[in-house]
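**Q** How does the following fold in three dimensions:
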Amino acid sequence: MDLNNIIMHKNKVAIVLIAIIVILSACLIAVNENKQLNYSPDAIGSSRIIVSESVLNVTAGSSIYDNYTVRLVSGTTWGTYINYKTVNGISVSFSNSGGDPTYTGTMNIHVSGNVSPGSYIISLYATGDDPSPYTNVTVNVIAHEDYIKIVSEKTLQIKDAAGGNLSLTYDNVTLLVNVRPGTYAFINGTYHKNYNFTLVIFNDNGLIKTPAGYNNYTINFIFAFEVNGIISQNISLVNSTGSGYPVITYMKSPENWISWTYIGGMLSGKDFYPQGGSYRFIDKWTYNKTMDELVNDQFYKPVLWVVMSPVHEYVQPAVYRGFIPYISAVAVIIAILIILSTVFVYMPGYAKKSPSKINRIFYLYISMAFEFSSMVYLIIYDKFLRTAAPLHYDFLIAAFIISIALLVPVVINKYRKAFLITLGSLSILAWIGLIIDAELNLPFSSVHSSIPNYGWEYLFGFGTGAFSSFNISMGFSVFFVSIIITGIISIYISMND
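**A** Numbering: from 1, shown residues only. Below is the predicted model:
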């Protein structure tokens, strides 16, 4: 396009430039709001999080509670969820994690024993229909002692090897043990049918670290059996023939919790000194889906078991609120269609071509319009991709920039065939890459290997699962379809132009 043509069509050029400016401005505003208010396309108001105590002191390996209120500030109340960001080793659970503001709850802040003394920030924020800015809580972690302390215990007097049951609850987790009838205590070569069996729970204050290779786990608590007040691998619980007779242990906890057997150390009163002890092996638990509990049938010695769970990963529940998420997407699609249609209609040279060639170019523009609009929508609104999968997010931005760079020579008819081949090849590779991403469970994201089948559900779940939303899946689906169409048309035009 020469200068005379630009001057001749200055009004159309002005329309195109204005549309571009509007789109870029909308992108910048939306990204800024997203950073400040954790914005989602479903938002119809705003909220604020208020806590009872903004500074808390807690010993490593223990927990502390704080009250919070998610208060509606503006707009209309609807589904809003509270979440947090902090360092590994500190986890937060909410008694009321979502609802229509204003609502209140209590949060349990657990600090693993692996956390070094110092001050740490927990940033609370709300997402969903009424997002909030961050509310920071300072947690001062205090050094622990050189022993772990019994925080809960119960004793069962066994008479005539009759057995019995015990249960303890710690941090909302219930342990239940069944000493079966016919269980004897074998101590120093002697069978005892009368003895005291005690179930104890210790706090975790960091003296016992996670096993090698388990840095992505945090210790929740430690429990043990005592026989006549003694913790020792030299004592066994056996049947009448002298064979090990395990105590059946039930733990009401998530399926992904694990435990390791820890042998060694010394019990002194209510304190246990773990120095000199070590991990021996990981324990085998069976998940009972009906009862929602883990079951172990191998513990027959009074030793320690260290219970741990994977580091917290939060996934916001999917929320669908009608057509609100699509308003901005539709606006972007219309604006891009106006731009490409204007370029197509007033581009000199194309009117001289055959109708079939004009149609091919037009179809390519339409396909890329949907491709660009879906990429812009995901870049602006897919907060998870930006925070939990930054490499995937950077690829999306790079694909957007490269596609525009390759489209420009095609539009101005400069080295068009070479750029069409490049555009088509890269589009097909990106389409294949999206399939691989889904199949490999978003391999470069923080949720990789922690949530089964997450890739397909997140990209194309359309809100049918807990890890997908309708609008984000719609964006990826439009991108998925349009990019392969772009690739096929580009290759076809380059071979037949």
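**Q** List the buried residues in stretch 418-433.
**A** Within stretch 418-433, the residues that count as buried by 16 or more other CB atoms under 10 Å are 419, 420, 421, 422, 423, 424, 426, 427, 428, 430, 431. The C-beta positions use only the backbone N, C-alpha and C, and glycine is treated the same way.
**Q** Give me the contacts around the longest strand seen in the chain.
**A** Taking DSSP state E as the criterion, the chain has its longest strand at strand 63-75. Under the contact criterion CB atoms under 8 Å, 6 or more residues apart in numbering, strand 63-75 has outside partners 43-53, 56-58, 80, 82, 94, 99, 101-111, 124, 126, 129-130, 132, 137, 139, 171.
**Q** List buried members of these by neighbour count.
**A** 43, 45-51, 56, 58, 80, 82, 94, 99, 101-103, 105, 107, 109-111, 124, 126, 129-130, 132, 137, 139, 171.
**Q** circling back: quick one: which of the buried residues of stretch 418-433 is nearest to residue 277?
**A** For the buried residues of stretch 418-433, the minimum distance to residue 277 (CB to CB) is 53.2 Å, reached by residue 430.
**Q** Tell me who's in contact with the closest one.
**A** Going by CB under 8 Å, 6+ apart, residue 430 touches 399, 483.
**Q** Look up how far residue 142 lies from it.
**A** 51 Å (CB to CB, to the nearest Å).
**Q** Also residue 223?
**A** From residue 223 to residue 142 the distance is 24 Å (CB to CB).
**Q** which of those two has more neighbours?
**A** Shown here are residue 223 and residue 142; by other CB atoms under 10 Å, residue 223 has more neighbours (23 against 13).
**Q** Just the element for the more buried one, please.
**A** Assigned by DSSP states H and E, residue 223 belongs to strand 217-227.
**Q** So what angle separates the directions of that strand and strand 63-75?
**A** 140 degrees (axes from the mean of the first three to the mean of the last three CA atoms, to 10 degrees).
**Q** which residues does residue 254 contact?
**A** The contact partners of residue 254, by CB under 8 Å, 6+ apart, come to residue 309.
**Q** What is the three-state secondary structure of it?
**A** coil (DSSP: H, G, I helix; E, B strand; the rest coil).
**Q** And it, how far from residue 106?
**A** From residue 254 across to residue 106, the span is 20 Å (CB to CB).
**Q** need the contact list for residue 297.
**A** 246, 248, 249, 286.
**Q** pretty sure the first one contacts residue 237?
**A** Looking back up the chat, that one is residue 246. Yes: counting by CB atoms under 8 Å, residue 237 is a contact partner of residue 246 at 7.2 Å.
**Q** any common contacting residues for those two?
**A** residue 300.
**Q** buried sites along stretch 227-246?
**A** Buried residues in stretch 227-246, defined by neighbour count with 16+ other CB under 10 Å: 227, 231, 232, 235, 236, 237, 238, 239, 245, 246.
**Q** Same question for stretch 155-163.
**A** So for stretch 155-163, counting by 16+ other CB under 10 Å, buried means 156, 158, 161, 163.
**Q** Could I get the full set of helices for the stretch 301-450 of the chain?
**A** 327-346, 355-381, 383-388, 390-411, 416-439 (DSSP state H, counting those that start in this stretch).
**Q** Of the ones you listed, which shows the lowest average pLDDT?
**A** Lowest mean pLDDT within the helices of the stretch 301-450 of the chain: helix 327-346, a mean of 52.
**Q** about what we covered before: can you add distance to residue 364 and give the buried residues of stretch 418-433 back as CSV?
**A** Formatted as CSV, those follow (distance: CB to CB, whole Å):
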residue, distance to residue 364
419, 12
420, 8
421, 13
422, 14
423, 9
424, 10
426, 14
427, 11
428, 14
430, 16
431, 15
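**Q** Closest one to residue 395 out of those residues, please.
**A** Checking those against residue 395 by CB to CB gives residue 430 as the nearest, at 8.3 Å.
**Q** Contact partners for residue 116?
**A** 60, 141.
**Q** hmm, back to that, any chance of CSV for the buried residues of stretch 155-163, columns distance to residue 268 and secondary structure?
**A** Formatted as CSV, the buried residues of stretch 155-163 follow (distance: CB to CB, whole Å; DSSP: H, G, I helix; E, B strand; the rest coil):
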residue, distance to residue 268, secondary structure
156, 22, strand
158, 24, strand
161, 29, coil
163, 29, coil
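**Q** So of the residues you listed, which two are at opposite extremes in space?
**A** Across those (CB to CB), the longest gap, 12.3 Å, separates 156 and 161.
**Q** I figured residue 300 hits residue 233, correct?
**A** No: when contacts are counted by CB under 8 Å, residue 300 is not listed as touching residue 233 (10.7 Å).
**Q** any idea how far residue 483 is from the nearest residue to residue 407 once chain neighbours are set aside?
**A** Spatially, and ignoring its direct neighbours in sequence, residue 407 is nearest to residue 368 (6.3 Å; CB to CB, 6 or more residues apart in numbering). Counting by CB to CB, the gap between residue 368 and residue 483 amounts to 9 Å.
**Q** again with residue 396
**A** 11 Å.
**Q** between these two, who's got more neighbours?
**A** Shown here are residue 396 and residue 483; by other CB under 10 Å, residue 483 has more neighbours (26 against 21).
**Q** rewinding a little: quick one: residues contacting the residue nearest to residue 407.
**A** By CB under 8 Å, 6+ apart, residue 368 lies in contact with 340, 403, 407, 482, 486.
**Q** How many neighbouring residues does the second one have?
**A** Applying other CB under 10 Å, we find 19 residues neighbouring residue 403.
**Q** For the remainder of this discussion, apply numbering that starts at 55.
**A** With the count now opening at 55, the last piece we talked about shows up as residue 457.
**Q** right, and it touches residue 477 too?
**A** Yes: under the criterion of CB under 8 Å, residue 457 makes contact with residue 477 at 7.1 Å.
**Q** list residues touching both of these two?
**A** Contact criterion CB under 8 Å, 6+ apart; residues bridging residue 457 and residue 477 by contacting each: residue 540.
**Q** about what we covered before: can you tell me which of the buried residues of stretch 281-300 are in helices?
**A** Nothing among the buried residues of stretch 281-300 maps onto helices, per DSSP state H.
**Q** which one of the residues you listed is nearest residue 494?
**A** Nearest member of the buried residues of stretch 281-300 to residue 494, counting by CB to CB, is residue 300, at 39.7 Å.
**Q** If you drop the residues flanking it in sequence, what lies closest to that closest one?
**A** Residue 300 sits nearest to residue 354 (CB to CB, 6+ apart), 4.3 Å away.
**Q** Please identify the helix or strand for the spatially closest residue to residue 495 that is not a sequence neighbour.
**A** Leaving aside its sequence neighbours, residue 495 sits nearest to residue 509 (CB to CB, 6+ apart; 4.3 Å). Taking DSSP H and E as the definition, one finds residue 509 inside helix 508-514.
**Q** what's the following helix or strand after that helix?
**A** The helix or strand immediately downstream of helix 508-514 is helix 524-550, counting by DSSP H and E.
**Q** What separation is there between residue 184 and residue 158?
**A** To residue 158, residue 184 is 15 Å away according to CB to CB.
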